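Engineer: Here is a sequence together with a model predicted from it:
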Amino acid sequence: LNYIHSLTGHSDWIKSLDFNTHNPNEIYLASASQDTSIRIYTFKFCPTATAPTDSPSIYWNNAEANKLTEISFKTVLYNHNDRVCGVYWHPKEPNTLLSVSFDKTVIIWEWSDIDSMYEDKAHMGDIGGNQLGYIGGGWANFGSHLFCFNFNGQFYLWKNNQKLNDSNNTNNTNTILVYEPQIIRSGHASAVMDVDWNKDPTLKHPYFITVSKDQTARIWSKWIRPINNNSNNNKEGGNVESWHEIARPQVHGHDLYAVTFLGQTHSFVSGAEEKVLRLFTAPTSFLSSLSNISLNPSLSSTDSNSSNPSSNNSTTSTPYGANVPALGLSNKPLFTSTDEEENNLNPFNNNSGKPQFREDPKPVKIETLISPPTEDQLQQSTLFPEISKLYSHGTYPISKLRSNETEPKLLMSSSYSRTVATAALHVHELSGVGDKSNINVTDKVSIGTGHGLTMTGIAMGRNNEYVYTVGKDRLIMVWKREGKEGGVYKVIDKKKGGDRVIYDVSIERINEGDQNLNEGEKSNDRVVIGSRDGGLKVYENKEEKLVEVWKGSGEEAAVGVDWREGKGGVIGV
């Protein structure tokens, strides 16, 4: 490669370059810079081999090809408010350019022969939210779609549906491009720390929640819709099924480490490095959307007022949605639709005769969805209202949370630890959970000690009498409740589970009809543990003593285990 010439003009770093080669005799070069501008240069092959002496252009004589190339500056484009991170020529239309900027906007530029300039024909992007700007993008499907992505790994996709005539132009020579946001797969941008399935037995198609170090909690469910003849997805029962993120109930300011649903309710608790447990409840807008997306008819009647959010009030029903107020840190419940609030925004609509204005900006519009939400909807309109905070941990971040599958009033939590005192099992006795007439939750905490290092797994017995825990100290412990009720548990037995760290524990979920039990006889709990060396062990609680009944091994570390129901059961690793 030989150096030819330098093209000057930008005053800051150049972030992107793209050549337009639709016309082999006249090539365009677009450049994007951190100075918020886009510059376009022309490379034109001349029929003669002699450069004119009075031209401001730059000429390069390619002796090998016996061609003279004229390099000239064509135009500069300004309309972004932050660095321009990418420019991309349309694959089919030679005079159409796409630009992506850190100001969270995407602009389509088209050359106008009438005005002899590039005009911005379409703007797409985000308004609000707490995400960073776009850092790249491009065209897809031969230019019918365009996409972009940001630093956190979120993708955005738009489809060009049609072109409309500009009604303000009497000659109807200009057109307005119409792009609509499309459904696209999403995912966490950092390590996933915990996952929990919803345990509502009435759900035909269950869903689950995940939390991550990217400081978000995300809910995933099947999207079930009629068969599309052009789809290659699996078809079952006349429908196409695929998994999608359908809600982002919590966008936090701290890394999230643990999550659990409370019993069979649609409320969940999350734990982060801030050492506070936050309790969220599903708004009626989410339940209605979930019913539509995953075809769960049992959810359509969960709240009789879900289709009429304006009839709800702050003391007698489930919130319709959630919003983070200006300068706020918690998701606040919304009990009325934003359409009704819009009708009440007249500043003179009060008895004082003086204007009264909103202290907070208008909340985002909460809608009932029939398909998975787009990225901008996930960021702002799928939040869950936070109804309570639970305090008991004060030294290290939360490491694990678990709730009994049939009883939402008992919640177990633990934190990262290096001492016996902080590696404790915190038992929360909650009241008010699942009660639509009382969204205030009270908490009574009991603390028991046993492990010497961080507790990595918690499994609750089927009747709340026993709790099983494992930790980084390589021990498995069984705790017994003192008395028939209450949340005070004491260690009654412990065993060394292996030579490496034990990562998780799960109790066998069984149907009582699958066991041959005599009248009055009680089945023993059985639990499986997974460790760093890939080992799996099954223990049975026989007369309050842990007895190893099976052992297996794998090639990789067993960082998570789950024992499903059924005769014999299935252990997932």
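Structural biologist: Nice, I can see it.
Engineer: Find the nearest non-adjacent residue to residue 395, please.
Structural biologist: Leaving out its chain neighbours, the residue that sits closest to residue 395 by C-beta to C-beta, 6 or more residues apart in numbering is residue 422, at 5.0 Å. Yep, even glycine has a C-beta here, placed from its N, CA and C like the rest.
Engineer: Could I get the contacting residues of that neighbour?
Structural biologist: Contact partners of residue 422, counting by C-beta atoms under 8 Å, 6 or more residues apart in numbering, are 395, 396, 415.
Engineer: As CSV, those residues with distance to residue 186 and secondary structure would be great.
Structural biologist: Formatted as CSV, the contacts of residue 422 follow (distance: C-beta to C-beta, whole Å; DSSP: H, G, I helix; E, B strand; the rest coil):
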residue, distance to residue 186, secondary structure
395, 34, coil
396, 31, coil
415, 30, strand
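Engineer: Which member of these is positioned nearest residue 77?
Structural biologist: Within the contacts of residue 422, the smallest distance to residue 77 is 52.0 Å, found for residue 396 (C-beta to C-beta).
Engineer: Report how many residues lie close to that closest one.
Structural biologist: Residues contacting residue 396 under the criterion other C-beta atoms under 10 Å number 17.
Engineer: May I have the phi/psi pair for it?
Structural biologist: phi -130, psi 160 (degrees, to the nearest 10).
Engineer: Quick check: it touching residue 417?
Structural biologist: Yes. With contact defined as C-beta atoms under 8 Å, residue 396 reaches residue 417; the gap is 5.6 Å.
Engineer: Could I get the full set of helices for the stretch 201-350 of the chain?
Structural biologist: Applying DSSP state H, counting those that start in this stretch to the stretch 201-350 of the chain gives helices spanning 284-294, 338-343.
Engineer: In terms of mean pLDDT, which of those helices ranks lowest?
Structural biologist: With a mean of 48, helix 338-343 has the lowest mean pLDDT of the helices of the stretch 201-350 of the chain.
Engineer: And the next helix or strand past that one?
Structural biologist: Per DSSP states H and E, helix 338-343 leads on to helix 375-380 as the next helix or strand towards the C-terminus.
Engineer: That following helix packs against which elements?
Structural biologist: If you count contacts as 3 or more C-beta pairs under 8 Å, 6 or more residues apart in numbering; DSSP states H and E, helix 375-380 packs onto strand 155-165, strand 239-251.
Engineer: quick check, distance from it to the centre of its chain.
Structural biologist: Centroid separation between helix 375-380 and its chain, computed with C-alpha atoms, centre = their mean, to the nearest Å, is 9 Å.
Engineer: List the strands paired with whichever helix or strand comes after that helix, with their directions.
Structural biologist: Sequence-wise, the next helix or strand downstream of helix 375-380 (DSSP H and E) is strand 386-390. Its sheet considered, strand 386-390 pairs with strand 277-281 (antiparallel) by DSSP bridges.
Engineer: List the neighbours of the strand it pairs with that are in contact with it.
Structural biologist: For strand 277-281, contacts defined as C-beta under 8 Å, 6+ apart pick out 249-250, 262, 265-272, 318-319, 330-331, 384-393, 398, 401, 411, 413, 428, 433, 439, 441.
Engineer: shouldn't residue 101 be in contact with residue 87?
Structural biologist: No. Assessed by C-beta under 8 Å, residue 101 is found out of contact with residue 87, at 10.0 Å.
Engineer: Let me see the contact set for the residue nearest the centre of the chain.
Structural biologist: Centre of the chain computed as the mean C-alpha position; nearest residue by C-alpha atoms, centre = their mean is residue 218, 4.2 Å away. Residue 218 is in contact with 186, 188, 209, 210, 211, 212, 245, 247, 248, 249, counting by C-beta under 8 Å, 6+ apart.
Engineer: In contact with the second one, which residues are there?
Structural biologist: What it means is residue 188. 153, 210, 212, 214, 216, 218.
Engineer: Helix or strand: which one has the residue lying closest to the third one once chain neighbours are set aside?
Structural biologist: If you skip the residues right next to it in sequence, residue 212 has residue 188 as its closest partner in space, 4.0 Å away by C-beta to C-beta, 6+ apart. In this assignment (DSSP H and E), residue 188 forms part of neither any helix nor any strand.
Engineer: Please report the distance of residue 188 from residue 136.
Structural biologist: Residue 188 sits 19 Å away from residue 136, going by C-beta to C-beta, to the nearest Å.
Engineer: for residue 1, same thing?
Structural biologist: Applying C-beta to C-beta to residue 1 and residue 136 gives a distance of 26 Å.
Engineer: Those two: who's more crowded?
Structural biologist: residue 136 (15 against 3).
Engineer: what's the spacing between the more buried one and residue 80?
Structural biologist: 14 Å.
Engineer: Then residue 190?
Structural biologist: For residue 190, the distance to residue 80 (C-beta to C-beta) stands at 28 Å.
Engineer: Look at those two and report which has more neighbours.
Structural biologist: Ranked by neighbour count (other C-beta under 10 Å), residue 190 and residue 80 place residue 80 first, with 23 against 14.
Engineer: surely that one meets residue 101?
Structural biologist: Yes. Under the criterion of C-beta under 8 Å, residue 80 makes contact with residue 101 at 4.1 Å.
Engineer: So for these two, which residues contact both of them?
Structural biologist: With C-beta under 8 Å, 6+ apart as the test, residue 80 and residue 101 both reach 36, 107.
Engineer: Strands along the stretch 201-350 of the chain, start to end?
Structural biologist: 208-212, 216-226, 235-236, 239-251, 256-261, 267-272, 277-281, 321-323, 332-334 (DSSP state E, counting those that start in this stretch).
Engineer: If you average pLDDT over each of the ones you listed, which is lowest?
Structural biologist: strand 235-236 (a mean of 50).
Engineer: Return the alpha-carbon coordinates of stretch 329-337 using CSV.
Structural biologist: Backbone C-alpha positions of stretch 329-337 (Å, rounded to 0.1, in the frame of the first residue of the first chain) are rendered in CSV as follows:
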residue,chain,number,x,y,z
LEU,A,329,-34.6,6.2,42.9
SER,A,330,-37.7,3.9,43.4
ASN,A,331,-40.4,2.7,41.0
LYS,A,332,-43.6,4.5,42.1
PRO,A,333,-47.0,2.9,41.4
LEU,A,334,-49.4,4.4,38.9
PHE,A,335,-53.1,3.8,39.5
THR,A,336,-54.5,5.7,36.6
SER,A,337,-53.7,5.6,32.9
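Engineer: Renumber starting at 58 from here on
Structural biologist: Got it, the first residue is 58 from now on, which makes the last one we talked about stretch 386-394.
Engineer: Name the spans of the stretch 308-457 of the chain whose pLDDT lies under the cut-off.
Structural biologist: 357-374, 393-421 (pLDDT under 70).
Engineer: Now with 90, please.
Structural biologist: Along the stretch 308-457 of the chain, segments meeting pLDDT under 90 span 309-310, 320-322, 331-332, 352-425, 431-438, 444-454.
Engineer: And the contacts of residue 245, which of them are buried?
Structural biologist: Using 16 or more other C-beta atoms under 10 Å as the burial test, these include 267, 269, 271, 273, 275 as buried.
Engineer: which one of those is nearest residue 65?
Structural biologist: Of those, the one sitting nearest to residue 65 (C-beta to C-beta) turns out to be residue 271, at 40.3 Å.
Engineer: Contact partners for the closest one?
Structural biologist: 209, 245, 246, 247, 312.
Engineer: ditto for residue 213
Structural biologist: Counted by C-beta under 8 Å, 6+ apart, residue 213 has contacts 163, 181, 183, 191, 204, 205, 206, 238, 241, 431, 432, 433.
Engineer: returning to that earlier point: name the helix or strand for the residue nearest to residue 452, please.
Structural biologist: Short version: residue 479 belongs to no helix or strand, going by DSSP H and E.
Engineer: next one: residue 171
Structural biologist: Using DSSP H and E, residue 171 is not contained in any helix or strand.
Engineer: Next: residue 520.
Structural biologist: For residue 520, there is no helix or strand it lies in under DSSP H and E.
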